[in-house]
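> I need the structure of the sequence given here:
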Amino acid sequence: MASLDSAPAVPLKAAPARGRLPGGAVLGLALLVLALLPVLLGASNYMLGLLISALILSGVALAWALLGNLGGMVSFGHAAFFGVGAYASALLAGKLGLPVLLSVPVGGVVAVVASLAMLPALRLSGPYFALAILAYAQIFRILATEASWLTGGGAGFQRYPGLPTVFGIDLASRTGSYLLLVACVTLCALAYLAVRRSHIGLALRAIADSEDATRVVGVNSTFLKSLMLLLSAFITGVFGALNAHIIGFLEPDYAFSGVWSLMPIIAAIFGGYRTILGPIGGAVIIYLFDQVVAKGLIAVGHQIILGFVLVVMVLAAPNGLLGLVKKGGRDA
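Residues are numbered from 1 along each chain as shown. Model prediction:
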């Protein structure tokens, strides 16, 4: 096993092959197409509504993939960050009058603060860490239900503002919300790319190869994993906050639903969780398939079809849909 003493000799950024665009440009072009295509094609409000929900899921799937790929941790509890961010932003805007575009990132910060309670779980690994995070998500759901004086409890909370109008663009409209979410997904994807190409990303990849070896040469693996947990919590909290202001209603069983933990995992693995575009594209494909196709086949319990699709994808392409596409391109 190579030590980190040789790390400076490893380039952080591979030079793009002649005639090929660098990874950042490919990512930007892909997200630009994602942003403009439905608008240019004149998508209906119904389809834009589905795409908005798919983009919310994309953001959470990207956050989950960042923690799983760079942090090397499988989480079953991202619903905790999603719900905390949603309630924090809604309460700050509704009860303290904080501007929505400020309360959304603050909601992400509150999700980071909530994630600090999970740091002791970093001493665990594998399924033990995953189950510990799942338990935390249930704790936050119970707290939101019992604190009815603050959150409205099981009756829900809805007296808070929606997205505002900025530079003449009504962000509360279907088109405005869609473009805002594309911008947020793009920023989070670029942040993921920057971390992956940084010295921190290099150290995290070394930790994934051999955590014991990196500790010997002085790399604080617990600290770096903590950073990935905090960043993943922030991104998830921001998308939870955005979702809250888009739908205009919150209740604990929805905000902390297991769907916000399970669906990002399915989307990221389906698309390819070791890539950046994989979780984004996987979330859009999986969500639209679930709502348009699976629901049409099985009205109740249609998620079972997603389970079957995921099993087939894992067996046929362990690296996800994006890995399958890249493999097909090389074979062609």
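> Where do the strands of the stretch 201-332 of the chain begin and end?
With strands called from DSSP state E, counting those that start in this stretch, the stretch 201-332 of the chain shows none.
> mind showing which ranges of it have poor pLDDT?
Where the stretch 201-332 of the chain drops to pLDDT under 70, the residues are 209-213, 215-218, 326-332.
> switch to 90 and redo it
In the predicted model of the stretch 201-332 of the chain, residues 201-226, 258, 272-278, 281, 284-285, 288-332 satisfy pLDDT under 90.
> where do the helices sit along it?
211-216, 221-247, 252-255, 259-271, 277-288, 295-297, 303-316, 320-331 (DSSP state H, counting those that start in this stretch).
> Looking at those helices, spot the one closest to Leu116.
Distance to Leu116, taken as Cβ to Cβ, is lowest for helix 221-247 among the helices of the stretch 201-332 of the chain, at 7.9 Å. Quick note: C-beta positions are derived from backbone N, CA and C, even for glycine.
> Now that closest one: buried residues?
By 16 or more other Cβ atoms under 10 Å, the buried positions in helix 221-247 come out as 221, 224-226, 228-246.
> Return the distance of Ala88 relative to Pro127.
Per Cβ to Cβ, to the nearest Å, Ala88 is found 29 Å from Pro127.
> So which residue is smack in the middle of this protein?
Val60 (2.0 Å; Cα atoms, centre = their mean).
> Apart from its neighbours in sequence, what residue is nearest that one?
Pro264 (4.4 Å; Cβ to Cβ, 6 or more residues apart in numbering).
> just Leu67 next, same as before
Among residues not flanking Leu67 along the chain, Ser232 sits closest, at 4.0 Å (Cβ to Cβ, 6+ apart).
> end to end, how far does stretch 89-102 reach?
Across stretch 89-102, the terminal residues are separated by 9 Å (Cα to Cα, to the nearest Å).
> buried ones in the strand or helix carrying Gly176?
Using DSSP states H and E, Gly176 sits within helix 174-197. Burial within helix 174-197, assessed by neighbour count using 16+ other Cβ under 10 Å, is assigned to 174-182, 184-186, 188-189, 192-193, 195-197.
> what does stretch 295-310 give?
His302, Ile305, Leu306, Val309, Leu310.
> residues contacting the first one?
With contact set as Cβ atoms under 8 Å, 6 or more residues apart in numbering, His302 has these partners: Asp290, Ala294, Lys295.
> for those residues, which one is nearest Leu66?
Nearest to Leu66 among the contacts of His302: Asp290, at 23.1 Å, using Cβ to Cβ.
> Surely that closest one touches Gln303?
Yes. Assessed by Cβ atoms under 8 Å, Asp290 is found in contact with Gln303 at 7.1 Å.
> Helix or strand next in line after the strand or helix carrying Ala79, which one?
In this assignment (DSSP H and E), Ala79 forms part of helix 78-95. Once the chain leaves helix 78-95, the next helix or strand it forms, by DSSP H and E, is helix 100-115.
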